[in-house]
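Novice: 3D model of this:
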Amino acid sequence: MTTTISFIIVLGVLITVHELGHFLVAKGIGLRVERFSIGFPPKMFGFTWRETEYCISWIPLGGYVKISGENPEEPPENPDDPKVFTSRPVHQRAAVILAGPLMNLILAFLIMPLVFFLGTSVPTYLEKAPVAGWIQPESPADKAGLSPGDRILSVNGSEVRTWQDVLEKASVDGSLWMEVAGAGGTRSVSLEQDPEGESGIGILPSMDPVIGFVVKGGEAERAGIEEGDRVVAIGGIPVSDWNQMARIIHNSPDKPLTFEIERGGAHRTFSVTPKKDEGLGHGLIGISPKTETVTRRYGVAESIRLGTARNFELLGLTFSFLWDLVTLNSSIKNLGGPIMIFQVSGQAARAGLTQFLAFMAFLSLQLGVLNLLPIPVLDGGHLVFLGIEGVTRKPVNVNVRETAQKVGFFFLILLILVISYNDIARLLPGK
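Specialist: Below is the predicted model of the structure:
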């Protein structure tokens, strides 16, 4: 029930805000809005007020605002009527179209600072002294000669007292130099960061190999591994740190591994075959570590700064992923659809209000960006037509628009089928 309610709330809020953007700008410039619908037909219920029908429809995967004259297949009786969409100049029509995605982006930039203000869960290790627990092999730290147990004293001349300080100071690209204290005393080391590397500088805090979460339907669950299990050894190799265990799993895609697990004081063995992730190329078994967390709250100004920075980070990741899809560097199998949103909505809701709000902000960003893609039937496609009209000083031929929209609609339906297949495949054993 929690999952269903949270799913309805997420989609309801995001769709309403999106359509409200179109609606408010259209009304604001004096256009006639015939219908404001949350969901697609058939209609569930509705009412009419001031020439606009407001309704809730049965298919909750979108919504629409019907503006007089907007649909070329339904020409208005009086094309010169100032309340008709086509009677307005290009910039006003573009403003109506752009308002929907823009409202989703604005919503994300309003919600994310609230997440930091209410309080976010952060790992407790961030507030602990920066003592290296694991050095990633072949990483900049490994090449510089750092070892587990080394205590980081400063980064680029700035003193560091916690792991949070280290992450902030070491976030710059290029060379770093650190002062560290270890078994041989205090020494300075220089690290050359690899911009293409995946391990950062390669210094990680100590983390017990205790399983905190097991993905339903994942390889670990099917093998019988449970939350709270401590991994003692893999393939006869003793395991003392989570990062060590993760490296073994990542490097063994599609290769059976024997896990020795400690559970309730007794030792058990399980055979697990890591599944190769198409995007990363790593082996994964569907587990995450047990991590102690604390709630950290921020003031208004800091919440706005952190929330804004987080949104720009997510936007960067979104554009990067889209580019990888276009250049075939990422698989379409990594896309998720309504079923995934349904599942993650429930997980976020159960994790707490801030996690739920953070997920809603993330999804709102995605909706804003995706609707701006230049695909006919999406807002971005309409903006392309208006851009052409603005340059050529005449509307795009109706037949051309209709053909483009049919192609766009076919592409959109195909995409929905693919991502729905992905969602279902994730739920099936052996997928």
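Novice: by contact count, what packs against the helix or strand where Ser320 lies?
Specialist: In the assignment (DSSP states H and E), Ser320 maps to helix 300-326. When contacts are defined as 3 or more C-beta pairs under 8 Å, 6 or more residues apart in numbering; DSSP states H and E, helix 300-326 sits against helix 90-118, helix 353-371. Backbone N, C-alpha and C define where each C-beta goes, glycine included.
Novice: how big is the angle separating that helix from helix 90-118?
Specialist: 120 degrees (axes from the mean of the first three to the mean of the last three C-alpha atoms, to 10 degrees).
Novice: chain center to helix 300-326, what's the gap?
Specialist: Here the centre of helix 300-326 is set off from its chain's centre by 9 Å, with C-alpha atoms, centre = their mean, to the nearest Å.
Novice: start the count at 15, not 1, going forward
Specialist: Got it, first residue is 15 now, which makes that one helix 314-340.
Novice: report the angle between that helix and helix 367-385.
Specialist: Using the same axes, to 10 degrees, helix 314-340 lies at 50 degrees relative to helix 367-385.
Novice: now the helices and strands packed on helix 314-340 as a markdown table including mean neighbour count, mean pLDDT and distance to Ile262?
Specialist: Output for the helices and strands packed on helix 314-340, formatted as a markdown table (neighbours: other C-beta atoms under 10 Å; pLDDT from 0 to 100; distance: least, C-beta to C-beta, whole Å):
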| stretch | mean neighbour count | mean pLDDT | distance to Ile262 |
| --- | --- | --- | --- |
| helix 104-132 | 21 | 94 | 35 |
| helix 367-385 | 21 | 90 | 30 |
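Novice: make a markdown table out of those and add distance to Val228.
Specialist: Listed next are the helices and strands packed on helix 314-340 as a markdown table, based on distance: least, C-beta to C-beta, whole Å:
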| stretch | distance to Val228 |
| --- | --- |
| helix 104-132 | 26 |
| helix 367-385 | 19 |
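Novice: please enumerate the helices of the chain.
Specialist: 16-42, 104-132, 154-157, 177-183, 233-237, 256-264, 314-340, 352-365, 367-385, 393-406, 412-441 (DSSP state H).
Novice: now those as CSV including distance to Val169?
Specialist: Putting these into CSV (distance: least, C-beta to C-beta, whole Å) gives the following:
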stretch, distance to Val169
helix 16-42, 40
helix 104-132, 24
helix 154-157, 12
helix 177-183, 4
helix 233-237, 36
helix 256-264, 20
helix 314-340, 20
helix 352-365, 32
helix 367-385, 29
helix 393-406, 43
helix 412-441, 40
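Novice: what's the closest of these to Glu91?
Specialist: Of all those, helix 412-441 sits nearest to Glu91, with 17.2 Å by C-beta to C-beta.
Novice: what packs against the closest one?
Specialist: Looks like helix 412-441 contacts helix 352-365, helix 393-406 (3+ C-beta pairs under 8 Å, 6+ apart).
Novice: related to what we said a few turns ago, Lys230: which of the helices and strands packed on helix 314-340 is closest?
Specialist: Sorting those by C-beta to C-beta, the top spot, which is the nearest, belongs to helix 367-385 at 18.0 Å.
Novice: OK, contacts around Gly44?
Specialist: Residues counted as contacts of Gly44 (C-beta atoms under 8 Å, 6 or more residues apart in numbering) are 96-97.
Novice: what about the helices and strands packed on helix 314-340, which gets the closest to His396?
Specialist: helix 104-132 (4.8 Å).
Novice: ok, back up a step: which one of the helices of the chain lies nearest to Lys304?
Specialist: Among these, the nearest to Lys304 by C-beta to C-beta is helix 256-264 (8.9 Å).
Novice: pull the distance from that closest one to the chain's centre.
Specialist: 24 Å.
Novice: what is the rounded mean pLDDT of it?
Specialist: Averaged over helix 256-264, pLDDT sits at 90.
Novice: helices or strands up against that helix?
Specialist: Against helix 256-264 (3+ C-beta pairs under 8 Å, 6+ apart) you get strand 244-248, strand 297-298.
Novice: need the contact partners of that helix.
Specialist: Under the contact criterion C-beta under 8 Å, 6+ apart, helix 256-264 has outside partners 147-148, 150-151, 218, 221-224, 245, 248-249, 251, 253, 271, 288, 296-299, 303.
Novice: switch the cut-off to 6 Å
Specialist: Residues from elsewhere that reach helix 256-264, judged by C-beta atoms under 6 Å, 6 or more residues apart in numbering: 148, 218, 221, 223, 245, 248, 253, 288, 296-297, 299, 303.
Novice: now that we have these, which one has the most neighbours?
Specialist: For the contacts of helix 256-264, the largest number of neighbours (other C-beta atoms under 10 Å) sits with Val245, at 25 neighbours.
Novice: how close does that residue get to Phe273?
Specialist: Distance of Val245 to Phe273, computed by C-beta to C-beta, to the nearest Å: 6 Å.
Novice: for Leu429, same thing?
Specialist: 38 Å.
Novice: same check on Lys290?
Specialist: Using C-beta to C-beta, Lys290 is found at 18 Å from Phe273.
Novice: okay, those two: which has more neighbours?
Specialist: Neighbours were counted for Lys290 and for Phe273 using other C-beta under 10 Å; Phe273 has more, 24 against 15.
Novice: isn't the more buried one right up against Phe284?
Specialist: Yes - look at Phe273 against Phe284 with C-beta atoms under 6 Å: they come within range, at 4.8 Å.
Novice: stretch 85-104: how far from the chain's middle?
Specialist: Using C-alpha atoms, centre = their mean, the offset of stretch 85-104 from its chain centre is 39 Å.
Novice: give the buried residues for that stretch.
Specialist: The neighbour-count check on stretch 85-104 (16 or more other C-beta atoms under 10 Å) flags 86, 90, 97-102, 104 as buried.
Novice: endpoints of that stretch, how far apart?
Specialist: From its first residue to its last, stretch 85-104 covers 15 Å (C-alpha to C-alpha, to the nearest Å).
Novice: list the contacts of it.
Specialist: 45-46, 81-84, 400, 403-404, 412, 415.
Novice: 8 Å instead?
Specialist: Defining contact as C-beta under 8 Å, 6+ apart, one finds that stretch 85-104 is touched by 40, 43-46, 81-84, 107, 110, 400, 403-404, 409, 412, 415-416.
Novice: between Phe273 and Phe284, which contacts overlap?
Specialist: Joint contacts of Phe273 and Phe284 (C-beta under 8 Å, 6+ apart) are 237, 239.
Novice: any idea what Leu271 is bridged to?
Specialist: Judged by DSSP bridges, the bridge partners of Leu271 are Val286.
Novice: now for it: which residues touch it?
Specialist: Contact partners of Leu271, counting by C-beta under 8 Å, 6+ apart, are 248-249, 262-263, 285-288.
Novice: mind redoing it with 7 Å?
Specialist: Residues near Leu271 by C-beta atoms under 7 Å, 6 or more residues apart in numbering: 248-249, 286, 288.
Novice: please consider this matter closed, and thank you.
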